[in-house]
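Colleague: quick one: sequence plus predicted model below, questions after.
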Amino acid sequence: MENLLYKIAITKIPKVGPVTARNLVSYCGGVEAVFQTKKSDLLKIPGIGPDTSARILNKNVLIEAEKELNFVEKNDVQTFFYLDKDYPQRLKPFQDSPVLLYYQGRSDLNHSKIVSIVGTRTPTALGKAICEEIVEGLSVFNVLIVSGLAYGVDVLTHQKCLDFNIPTIGVLGHGLTQIYPSKHKKIADKMIECGGLLTEFSSEISIEREHFPMRNRIIAGMCDALLVIETAQKGGSMISAHMANNYGKDVFAVPGRLNDKFSQGCNHLIKTHKAALIESAEDLGYIMRWDKKSENKSVQKSLFVELSEEEQQIVDLLQNVDDLSIDKLSKETRLNSSKMAEIMLDLEFKGIVKTLPGKRYFLV
């Protein structure tokens, strides 16, 4: 646990954020080495001036880290440092992602399929119904669902996940000693058994307004797909959607009525091509190419369907790729476009392939 002490300590250095912390670890050769490096050597690191070096070497940093280490040990809290193998892999590529995460729960943060769901804190009756319907529909895809445990769409999402035994993670904007809002404490306790609670903030950090936009980057970064259900044109949900776009995630939005305040954000995301329009969990699963069946069934299915030599050649080409365009398939098989279209239609009827926008195909 000694190394964990230093992992915690680097997050306790005042005015040192994730980017600077990573630079320190890189230049010093390890997290423990940061606190053993002489001031004169710290000053040679780009961006580290006299004030920062003094804060690094201040003994109070390790004293505060020791207090947090005691809390972690007493409360069965898991920690994930950005260099650890169990750190959420989807967050790792981003320089602004947290250096250290605190976690209470049982679900794998590197689950094979992760969906984040965000939306307004005051959903309409229709928005609530859509949210519940989509979460229920996602249950067949073996997903982990992430949200922020806030009022409205967030807590509806978590509650519906619990109803259908879908693992769900609540990302907090404060430490693990409290739950905000407090009325969600019972749901949060249940989530620890079927999902978990995740935060970058140490135990003594209380609720601050500026923490919630910081929390949003985790919600946006640790998913494969982010879904927006009802939102105004400004607010936390739009921040999450823009972050997800910047991170290269697939973003989806449920359209709403014109001139409806809580549809403006979703409609804007769709209109500006920042999100794909979906109406159901089936739509999301289809676009993400998530099949309800096991991943090996597509290979097995082709074994029991009679295929022509040309069809088998196409199946073989699609076997080890996500998808291929019809032009690429034509080139590889040396079949003309009309013949290729005929074969692909037959394969669709046989349930071997599905088509995506842009005449791209993938194995079912």
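Modeller: Arrived safely.

Colleague: give me every residue that touches residue 229.
Modeller: Residue 229 makes contacts with 117, 118, 119, 123, 127, 130, 131, 134, 153, 253, 254, 266, as judged by CB atoms under 8 Å, 6 or more residues apart in numbering. Using the backbone N, CA and C atoms, a C-beta is placed for each residue, glycine as well.

Colleague: could you measure from the first one over to residue 70?
Modeller: To tie it back to what came earlier, the one meant is residue 117. From residue 117 across to residue 70, the span is 35 Å (CB to CB, to the nearest Å).

Colleague: neighbour count: these two, which is higher?
Modeller: Neighbour totals were compared for residue 117 and residue 70, and residue 117 leads with 30 against 11 (other CB atoms under 10 Å).

Colleague: for the helix or strand hosting the more buried one, packing partners?
Modeller: Here residue 117, judged by DSSP states H and E, is contained in strand 114-119. Counting contacts by 3 or more CB pairs under 8 Å, 6 or more residues apart in numbering; DSSP states H and E, strand 114-119 packs against helix 125-138, strand 144-147, helix 153-163, helix 211-221, strand 225-229, helix 236-246.

Colleague: of the ones you listed, which is nearest residue 360?
Modeller: Closest to residue 360 of the helices and strands packed on strand 114-119 is strand 225-229 (CB to CB; 17.9 Å).

Colleague: partner strands of the closest one and their direction?
Modeller: Strands that pair with strand 225-229, judged by DSSP bridges, come out as strand 114-119 (parallel), strand 250-253 (parallel).

Colleague: re earlier: run the angle between the strand holding residue 117 and helix 153-163 for me.
Modeller: Here strand 114-119 points in a direction 130 degrees away from that of helix 153-163 (axes from the mean of the first three to the mean of the last three CA atoms, to 10 degrees).

Colleague: outside of strand 114-119, which residues touch it?
Modeller: Contacts of strand 114-119 (CB under 8 Å, 6+ apart): 90, 127, 131, 134-135, 138, 143-148, 152-154, 157, 216, 219-220, 222-231, 236-237, 240-241, 244, 284.

Colleague: please repeat the previous calculation with a cut-off of 6 Å.
Modeller: 143-147, 153, 157, 219, 223-231, 237, 240 (CB atoms under 6 Å, 6 or more residues apart in numbering).

Colleague: likewise for stretch 241-250?
Modeller: 217, 220, 221, 225, 226, 228, 251, 269, 274.

Colleague: try it again with 7 Å
Modeller: Residues outside stretch 241-250 that contact it (CB atoms under 7 Å, 6 or more residues apart in numbering) are 94, 216-217, 220-221, 223-226, 228, 251, 269, 274-275, 288.

Colleague: strands along the protein, start to end?
Modeller: For the chain, the strands defined by DSSP state E occupy 78-81, 100-105, 114-119, 144-147, 168-171, 195-199, 225-229, 250-253, 276-277, 324-325, 353-356, 360-363.

Colleague: and the second one, what does it pack onto?
Modeller: Read it as strand 100-105. helix 2-12, strand 78-81, strand 195-199 (3 or more CB pairs under 7 Å, 6 or more residues apart in numbering; DSSP states H and E).

Colleague: that strand to helix 211-221, inter-axis angle?
Modeller: In terms of direction (the same axes, to 10 degrees), strand 100-105 departs from helix 211-221 by 80 degrees.

Colleague: and the contacts of residue 229, which is closest to residue 312?
Modeller: residue 134 (37.5 Å).

Colleague: once you drop chain neighbours, what's closest to that closest one?
Modeller: Closest residue in space to residue 134, ignoring its immediate chain neighbours: residue 281 at 4.9 Å, by CB to CB, 6 or more residues apart in numbering.

Colleague: pretty sure that neighbour contacts residue 132?
Modeller: No. Here residue 281 lies out of contact with residue 132, judged by CB atoms under 7 Å, at a distance of 11.0 Å.

Colleague: so between these two, which is more surrounded?
Modeller: More crowded of residue 281 and residue 132, by other CB under 10 Å: residue 281, with 21 against 16.
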